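*Asks:* when you get a sec, could you give me coordinates for this:
(chains A, B, C and D)
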Number of protein chains: 2
Amino acid sequence: MGKLARHVTIADVAALAGVSVGTASKALNGRGSLREETRTRVKEAARQLNFEINAGARNLHTGRTYTVGMITTDTIGRFSIPVLMGAEEALGAGQMSVFLCDGRDDPIREQYHVKTLLSRRVDGIIVTGRRTQARTPIAAGLPVPVVYAFTSSADPDDCSVVPDEAAGARKAIDHLLAIGRTRIAHITGPEHHHSAHVRATAATHHLTQHGHPPAAPPLYGAWSEIWGRQATAILLAAHTPVDAVFCGNDQIARGVADALRAAGRRVPDDIALVGFDNWDVMTDACQPPLTSIDMNLEGLGQTAAHLLLAAINGTPAPGRHLRPCHLVIRESTSIPLAPPAAS
Amino acid sequence: MGKLARHVTIADVAALAGVSVGTASKALNGRGSLREETRTRVKEAARQLNFEINAGARNLHTGRTYTVGMITTDTIGRFSIPVLMGAEEALGAGQMSVFLCDGRDDPIREQYHVKTLLSRRVDGIIVTGRRTQARTPIAAGLPVPVVYAFTSSADPDDCSVVPDEAAGARKAIDHLLAIGRTRIAHITGPEHHHSAHVRATAATHHLTQHGHPPAAPPLYGAWSEIWGRQATAILLAAHTPVDAVFCGNDQIARGVADALRAAGRRVPDDIALVGFDNWDVMTDACQPPLTSIDMNLEGLGQTAAHLLLAAINGTPAPGRHLRPCHLVIRESTSIPLAPPAAS
DNA sequence: GAAAGTTAGGAAATCGTTTGCCTCAACTTA
DNA sequence: TAAGTTGAGGCAAACGATTTCCTAACTTTC
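*Replies:* A predicted model of the protein is given here:
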């Protein structure tokens, strides 16, 4: 491990190169007018000393820190990760570093993080969370721009980037109709959950509009495989004729698949199945592999990052930005694999 | 959204309170000797202006930034998250903020992140990753301490915190032996994968030592449910008498459970089942719920954070630190639920 | 009432960098 | 040879805080 070396400053570099600090700075940043020989001499000295510029000191003077804060309101989870990663990537390309803050559903903690981030003079803040439901804004009148990703702010003037879940649900329905299914049921999560509500409503409307109203009222429960299995039992016990089930998420869909198989129903021959989230762990292990709706979370994060960068540079784009979902077809809806259409 | 306000400096506060900046600083930090009335006046001014201290400026002068970098070498995944969260929590309690860097398996990207972090003068770095295998150190002779969490460094003098997977595997075996199983098979991930190797070896040795050598040689494959199902088919086809299967992870175990049920074998009556990772998504949805080994990833992150803080404060603890895994018993091993023993 | 001791708060140096301005030397040009 | 250009690089003032003196104005005390 060795002894921890002291940090090298630009003064050390300047001394080694035999110039003043100002000159060293100019040499390293390509500013001012210097002989080429001097520039390379300074750069060589910097290299030799392993000089890493003190970003804090530089930022002090430029006013920008090239950092952004990322606050997850709920615990960092399956949905936040891809969003974070997309944002991290997009920001990293712009030389920005990311402060990660886990809010854990605790408003106090969240406010503490906001304060800390402001204190660290982040150039902007991205807020994300586990659910798409609009939330109370993280704070009002902040001195830096804020973008909500996946979650959205209740203030319509805030900038939010969210998946178009309703359109996603309609894509699922369109697909099932396209493969000739007409008696379509919907099993989903808790009734009070925003996503469950949006997806169920969109699916119901869309089905009705196309002349094939839902085979049964939506079954609301939990976002789990266990509920998927239970709901399937309910559905089968009612003897409602059903030739497809659209599920509120992939875990439910997988539960449905397992329960149907256990009951001797074939997927997709007897009953086709579409999930939501396109979570590989579920879609791949499902028997058969599961068709699902992908919200493109990583893209969401990227978009959020770009909007934030734009806002930082003086071009804010307030409002709720809907991003499309797309359908990923697998064996649970039996369509032979077509070349992926441009979304 | 409103106009973005300019950042308030301590000079603004001092002006409003009618004191000098030095005095304002003392008032806000409880230093120096000031009248109580002055202190409150300054604090009130700060509150009124919504003053957030410029951490960069302060740090400039103290040499510490109260930030640490967290680098994930592979992509941020299921294993890194809890580690990150544990570390974030432990560090947050110490007023430290976390820079998140995703290395994405790309050494160049990783080095870039190291440079950036040093430039931002982090007080320390935590390196984590998807696998426990020792990796080449992130860099040599860094001016700040580094702790590896979950992954470990190939340099034994570096500080690494890793789960004691071998001991975990032995706990799984002990448990199966305790419930009277003696013909125990092992199905696990890729043979070249460090975790697969360690767990398989430990299980095999331990079984042999207890006089019940493995019912079959370990079956190496993939970390997936699909492989779990395939391996089960192989096992059953061989007609090897088996009364328990210890699996290298929960996904495999779940695949095994599904395949056994499909083949008419009862879990745990005919064959008991133990997984590894204690991933709730799998353990809860499994039929029956899955007994598993928990690596306590969050605790790992916390420990890493504490070791890092200690190192920052001048008390490094070099070496490989093994942290215990613990057994979480569920219905797949049929033991009636006992009050959870203190691990 | 003067010397000594307290106390409250200000001035200025400092941290590491950037940048605008200035100087000095070398070179043109008349 | 004197005056004007130019180019290279140094000086010092920021940036926003902290901290070490330092200086007034009061209290004591004899």
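*Asks:* within range of DNA strand C, give me the residues from chain A.
*Replies:* By CB under 7 Å from any atom of the strand, the part of chain A that sits against DNA strand C consists of A:7, A:9-11, A:21-22, A:25-26, A:28-29, A:31-32, A:51, A:53-54, A:57-58, A:60-62. To be clear about C-beta, it is placed using only N, CA and C from the backbone, and glycine gets the same treatment.
*Asks:* what is the neighbour count of whichever residue of the stretch 151-300 of chain A sits closest to DNA strand D?
*Replies:* For the stretch 151-300 of chain A, the residue closest to DNA strand D is residue A:159, as judged by CB to the nearest atom of the strand, at 25.8 Å. Here the count is done by other CB atoms under 10 Å in any protein chain shown, and residue A:159 has 25 residues near it.
*Asks:* pairing partners for it in the sheet, please.
*Replies:* Assessed by DSSP bridges, residue A:159 has beta-bridge partners residue A:147, residue A:319.
*Asks:* contacts only, for it.
*Replies:* If you count contacts by CB atoms under 8 Å, 6 or more residues apart in numbering or on different chains, residue A:159 has them with A:145-148, A:153, A:307-308, A:311, A:316-319, A:321, B:1.
*Asks:* separate out the buried members of these.
*Replies:* For these, a burial check counting by 16 or more other CB atoms under 10 Å in any protein chain shown picks out A:145-148, A:153, A:307-308, A:311, A:316, A:318, A:321, B:1.
*Asks:* in stretch A:42-61, what's buried?
*Replies:* For stretch A:42-61, by 16+ other CB under 10 Å, it's A:42-43, A:45-46, A:49, A:51-56, A:58-60.
*Asks:* which residues sit against it?
*Replies:* So stretch A:42-61 is contacted by A:7-10, A:12-14, A:16-17, A:19, A:23-24, A:27-28, A:65-66, A:121, B:54, B:56-57, B:59-60, B:65, B:115, B:118-121 (CB under 8 Å, 6+ apart).
*Asks:* off-centre distance for that stretch?
*Replies:* Mean C-alpha position of stretch A:42-61 versus that of the full chain (CA atoms, centre = their mean, to the nearest Å) differs by 35 Å.
*Asks:* and for stretch A:179-194?
*Replies:* 24 Å.
*Asks:* list the buried ones in it?
*Replies:* Here stretch A:179-194 shows A:181, A:183-189, A:193-194 as buried, counting by 16+ other CB under 10 Å.
*Asks:* just those: which are in strands?
*Replies:* If you go by DSSP state E, the buried residues of stretch A:179-194 have A:184-188 in strands.
*Asks:* need the contact list for residue A:24.
*Replies:* By CB under 8 Å, 6+ apart, residue A:24 lies in contact with A:10, A:13-14, A:17, A:42, A:45-46.
*Asks:* for the stretch 151-300 of chain A, what lies in contact range of DNA strand D?
*Replies:* For the stretch 151-300 of chain A, the contact set with DNA strand D under CB under 7 Å from any atom of the strand is empty.
*Asks:* up against chain B, what does the stretch 151-300 of chain A have?
*Replies:* A:155, A:157-159, A:224-226, A:251, A:254-255, A:258, A:281, A:284-285, A:287 (CB under 8 Å from any CB of the partner chain).
*Asks:* and the helices in the stretch 151-300 of chain A?
*Replies:* All helices of the stretch 151-300 of chain A, identified by DSSP state H, counting those that start in this stretch, fall at A:165-178, A:194-209, A:225-237, A:250-262, A:280-285, A:297-312.
*Asks:* ok, which of the ones you listed comes nearest residue B:200?
*Replies:* Evaluated over those, closeness to residue B:200 peaks at helix A:280-285, with 22.3 Å, by CB to CB.
*Asks:* in the closest one, which residues are buried?
*Replies:* Buried residues in helix A:280-285, counted by 16+ other CB under 10 Å: A:281-283, A:285.
*Asks:* just put those residues in a markdown table and tack on pLDDT and distance to residue B:329.
*Replies:* Compiled in a markdown table, the buried residues of helix A:280-285 are given as follows (pLDDT from 0 to 100; distance: CB to CB, whole Å):
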| residue | pLDDT | distance to residue B:329 |
| --- | --- | --- |
| A:281 | 93 | 24 |
| A:282 | 95 | 25 |
| A:283 | 97 | 30 |
| A:285 | 92 | 24 |
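*Asks:* neighbours of residue A:136, just the number please.
*Replies:* Neighbour count of residue A:136, defined by other CB under 10 Å: 11.
*Asks:* and the residue positioned nearest the centre of chain A, what element?
*Replies:* When CA atoms, centre = their mean is applied to chain A, the residue found nearest the centroid is residue A:83 (2.5 Å). Per DSSP states H and E, residue A:83 falls inside helix A:80-93.
*Asks:* give me the angle between that helix and helix A:297-312.
*Replies:* 40 degrees (axes from the mean of the first three to the mean of the last three CA atoms, to 10 degrees).
*Asks:* and the helix or strand following helix A:80-93, what's its mean pLDDT?
*Replies:* Where DSSP H and E defines the elements, the next helix or strand beyond helix A:80-93 is strand A:97-102. Mean pLDDT, computed over strand A:97-102, is 94.
*Asks:* picking up where we left off before, what is the nearest of the contacts of residue A:159 to DNA strand D?
*Replies:* Set against DNA strand D, the nearest of these by CB to the nearest atom of the strand is residue A:145 (18.5 Å).
*Asks:* please report how far residue A:128 lies from residue A:57.
*Replies:* Plainly put, residue A:128 is 31 Å away from residue A:57 if you go by CB to CB, to the nearest Å.
*Asks:* nearest to residue B:104 among the helices of the stretch 151-300 of chain A would be which one?
*Replies:* Closest of those to residue B:104 is helix A:297-312, at 12.1 Å (criterion: CB to CB).
*Asks:* show me the contact partners of the closest one.
*Replies:* A:68, A:79, A:82-91, A:94, A:96, A:123-126, A:128, A:144-145, A:147-150, A:159, A:161-163, A:316-317, A:321, A:323.
*Asks:* rerun that using 6 Å as the cut-off
*Replies:* Under the criterion CB atoms under 6 Å, 6 or more residues apart in numbering or on different chains, residues A:82-83, A:86-87, A:90-91, A:94, A:123-124, A:126, A:145, A:147, A:149-150, A:159, A:161, A:317, A:323 lie in contact with helix A:297-312.
*Asks:* just the buried ones from those, in ChimeraX syntax?
*Replies:* Burial among the contacts of helix A:297-312 is assessed by 16+ other CB under 10 Å; the matching ChimeraX selection reads:
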select /A:82,83,86,87,90,91,123,124,126,145,147,149,150,159,161,323
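*Asks:* out of the contacts of stretch A:42-61, who's near DNA strand D?
*Replies:* A:19, A:23, B:54, B:57, B:60.
*Asks:* check the second one and give its pLDDT.
*Replies:* It stands for residue A:23. In this model, residue A:23 is scored at 95, pLDDT.
*Asks:* one more: the one 5 residues further on?
*Replies:* According to the model's per-residue confidence, residue A:28 sits at a pLDDT of 95.
*Asks:* now the strand or helix carrying it, how far from the centre of its chain.
*Replies:* Element membership for residue A:28, per DSSP H and E: helix A:21-29. Between the centre of helix A:21-29 and the centre of its chain there are 41 Å (CA atoms, centre = their mean).
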